[in-house]
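> A predicted structure for the sequence below; I have some questions about it.
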Amino acid sequence: MTGSAPEPAQVVPASEFAGVPDGFERLWTPHRMAYLRGENKPDDSSQGACPFCRIPTLSDPDGLVVARAGDAYAVLNLYPYNPGHIMVIPYRHVADYTDLTPGEVSDVAALTQQAMIAARAASAPHGFNIGINQGGVAGAGISAHLHQHVVPRWGGDSNFLPIIARTKAVPVLLGQTRVLLARAWPVTDGVRVDPSDPDGLVDGTPLGAGA
């Protein structure tokens, strides 16, 4: 889940297609194919193949890192369920929650709280989904390296797209989201945040609600 943010989805009017217009618009999200093909997922449980081990070696903008603590960091999900979808991840390559050290547990918990505070300041969500998918059978995309999801939710943010088309429409670029959340991140001892905007992505527009 490293690298630059995917290109924004494109909406093409039905009238531009061959044949009789059917009244529908098409939402093209080719970047999702990378997820479906399993790109950036490790072939095995080795640390060298793990993107969650590689992300901290990148700059915050390149890795989409929002905040770094001593034993864990917060990063945007490259395939978000909703705008502002953050993952809190221990630096250490560990799969099971019960194997975390007290310091790792503390940093994961603190960054989760701070992620909620930052999301509320940046976009005023109505609630959150927070949790860990422990193991592949439970839905973990990368089960070899533990990660906790913090997903902002708004009333009406779910529609037919995820159910019918297995697609989420995300209206804000990931680079913009990272800057907005970093600027809203609470100042805390032991936590490093880089709110810089090297690509000039933020124009004052709030993060906004989910589509």
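Now that the structure is in, tell me what you want to look at.

> can you give me the strands for the protein?
Taking DSSP state E as the criterion, the chain contains strands spanning 10-12, 26-28, 65-68, 72-76, 86-90, 127-132, 148-153.

> Output the ones you listed in CSV; the columns should cover mean neighbour count.
C-beta here means a position set from N, CA and C on the backbone, and glycine is covered the same way. CSV is the format used below for the strands of the chain (neighbours: other CB atoms under 10 Å):
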stretch, mean neighbour count
strand 10-12, 10
strand 26-28, 13
strand 65-68, 24
strand 72-76, 26
strand 86-90, 27
strand 127-132, 14
strand 148-153, 22
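
> Mind putting these into TSV with distance to Ser196 and mean pLDDT?
Shown next, in TSV, are those (distance: least, CB to CB, whole Å; pLDDT from 0 to 100):
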stretch	distance to Ser196	mean pLDDT
strand 10-12	29	60
strand 26-28	31	57
strand 65-68	12	98
strand 72-76	15	97
strand 86-90	18	97
strand 127-132	26	96
strand 148-153	22	95
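
> hang on, isn't Pro90 packed against Leu111?
No - counting by CB atoms under 8 Å, Pro90 does not reach Leu111; the two are 10.0 Å apart.

> and for these two, which residues touch both?
Counting by CB atoms under 8 Å, 6 or more residues apart in numbering, the shared contacts of Pro90 and Leu111 are Ala72.

> Any idea which of the strands of the chain gets closest to Ala121?
Each of these was scored for nearness to Ala121 using CB to CB, and the closest is strand 148-153 (11.4 Å).

> Using PDB, write out the CA atom coordinates for that closest one.
Below are the C-alpha coordinates for strand 148-153, written out as PDB (Å, rounded to 0.1, in the frame of the first residue of the first chain):
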ATOM      1  CA  GLN A 148      -6.100  -1.500  13.100                       C
ATOM      2  CA  HIS A 149      -8.700   0.300  10.900                       C
ATOM      3  CA  VAL A 150     -10.200   3.700  11.800                       C
ATOM      4  CA  VAL A 151     -12.900   4.400   9.300                       C
ATOM      5  CA  PRO A 152     -14.900   7.700   9.600                       C
ATOM      6  CA  ARG A 153     -18.700   7.300   8.800                       C
END
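
> That strand pairs with which strands, parallel or anti?
Strands that pair with strand 148-153, judged by DSSP bridges, come out as strand 86-90 (antiparallel), strand 127-132 (antiparallel).

> count of neighbours near the nearest residue to Pro152 once chain neighbours are set aside?
In this structure, Pro152 finds its nearest non-sequential neighbour in Pro125, 3.6 Å apart by CB to CB, 6 or more residues apart in numbering. Neighbours of Pro125 under the rule other CB atoms under 10 Å: 21.

> all helices of the chain, in order?
Assigned by DSSP state H, the chain shows helices spanning 32-36, 51-54, 60-63, 102-123, 160, 174-184.

> Out of the ones you listed, which gets the lowest mean score?
Lowest mean pLDDT within these: helix 160, at a mean of 48.

> Go ahead and confirm Pro61 touches Gly200.
No - applying CB under 8 Å, one finds Pro61 not in contact with Gly200, separated by 11.4 Å.

> Which one's more surrounded, those two?
Using other CB under 10 Å, the more surrounded residue of Pro61 and Gly200 is Pro61, with 19 against 8.
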